[in-house]
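Q: let me see the structure of the following:
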Amino acid sequence: MCGVRCLYIISRGLRVLLKNNLSGPQGPVLRELRNGFFVNMDGFCFCITTHDRTVLTRWQAAFKREGWEARSFDCPDTLPPAGGRAELDLVEVGTTLCRTPEDLHKVIEIRKPVATLAFAAHRNISNSQIVRYLESGADDFVFSDTDERVIVAKLKAYIRRLTPAISRTLSKLVSSNGDMLIDQTKRVVKIRVTHGRYTELLNLTQKELEILSLLIGNERRPVSRERMLERLWGDDATEVYSDCINKHIETLRRKLGPYSKRIKTVYGSGYMFM
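A: Numbering: from 1, shown residues only. Model (predicted):
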């Protein structure tokens, strides 16, 4: 699969500036934007896998107009760990990437996205094949020359329908090596002390929990202080000094004990969980 170009859509650009009630009693809240589009930007993404550079360019432009940030990767294997992310996959079928419905089924089983939209060029697929791809696990199918406005509308419709599933996925975070677990619904953080045994951290404040959740949900990717301020204080973020984040990180590291080294300082930017 390493010759394939992937476009990883981090829906950070649409982020709603929420106050401290970002997480409700049922987990992270997906707030409503204009046109009835529900989304909590942290931890939700799209992933497009295709050989077709024209499709990538065309769809990337459409997503950019929606405020979605796009990142490209040379190989699906280089995609960052999910870490509790809710992902919606768009997969090209009928090519060497995903030639058969069985291939698509394997991709879905491995990726476990909240939904999968298969697509192909007219010349590469027949109606009977489309039926087989849908039966193998795809939630929908579109032709690659479908108007970008239709693609965007479909994605928004999926997010509206999948709000409960996305919320459940985002409510639980696991570090890539499994040594740290977060249940945002129950506001519980557990760290591994020995093989197969975890202990609960009981002394984290709400803001420390939010920061840790944001870092683990974006594992191995820098998170800026500005983004943390928006997450913790919403519309009031501009009235809070960024040094406040540094203080919260300092106390969070102290409480994490041996795991404190997992939070790295990215000088001139923010912090990153490794």
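Q: which stretches of the chain have low pLDDT?
A: Residues of the chain meeting the criterion pLDDT under 70: 1-44, 67-86, 163-170.
Q: give me that answer again for 80
A: 1-46, 64, 66-88, 97, 110-114, 158-172, 184-185, 195-196, 235, 242 (pLDDT under 80).
Q: any chance you could map the strands in the stretch 101-250 of the chain?
A: 115-120, 140-143, 172-174, 180-183, 188-194, 197-201, 223-224 (DSSP state E, counting those that start in this stretch).
Q: Ile48 reaches Leu56, doesn't it?
A: Yes - using Cβ atoms under 8 Å, Ile48 is in contact with Leu56, at 6.9 Å. Every residue, glycine included, has its C-beta placed from N, CA and C.
Q: who has more neighbours, these two?
A: Ile48 (25 against 19; other Cβ atoms under 10 Å).
Q: secondary structure class of the more buried one, three-state.
A: With DSSP: H, G, I helix; E, B strand; the rest coil as the basis, Ile48 sits in strand.
Q: how much space separates it from Thr251?
A: According to Cβ to Cβ, to the nearest Å, Ile48 and Thr251 sit 40 Å apart.
Q: same check, this time on Ile216
A: For Ile216 relative to Thr251 (Cβ to Cβ), the value is 17 Å.
Q: check Cys47 too.
A: Cys47 is 35 Å from Thr251, by Cβ to Cβ.
Q: Ile191 is in contact with Tyr198, isn't it?
A: Yes - assessed by Cβ under 8 Å, Ile191 is found in contact with Tyr198 at 6.4 Å.
Q: overlap in contacts, these two.
A: Each of Leu181 lies in contact with both Ile191 and Tyr198 under the rule Cβ atoms under 8 Å, 6 or more residues apart in numbering.
Q: which one's more surrounded, these two?
A: Each of Ile191 and Tyr198 has its neighbours counted (other Cβ under 10 Å); Ile191 has more, 18 against 15.
Q: show me the contacts for that one.
A: Asp179, Met180, Leu181, Tyr198, Thr199, Leu201, Leu256, Gly257, Tyr259.
Q: okay, among the residues you listed, which ones form the most distant pair?
A: The most widely separated members of the contacts of Ile191 are Leu181 and Gly257, with 15.7 Å between them, by Cβ to Cβ.
Q: those two: which is more packed in?
A: Legend: neighbour count by other Cβ under 10 Å for Leu181 and Gly257, higher for Leu181 (18 against 11).
Q: in the sheet, who's paired with the residue lying closest to the more buried one once chain neighbours are set aside?
A: Using Cβ to Cβ, 6 or more residues apart in numbering and skipping residues adjacent in sequence, the residue nearest Leu181 is Lys190, 4.5 Å away. Applying DSSP bridges to Lys190 gives these bridge partners: Leu181, Glu200.
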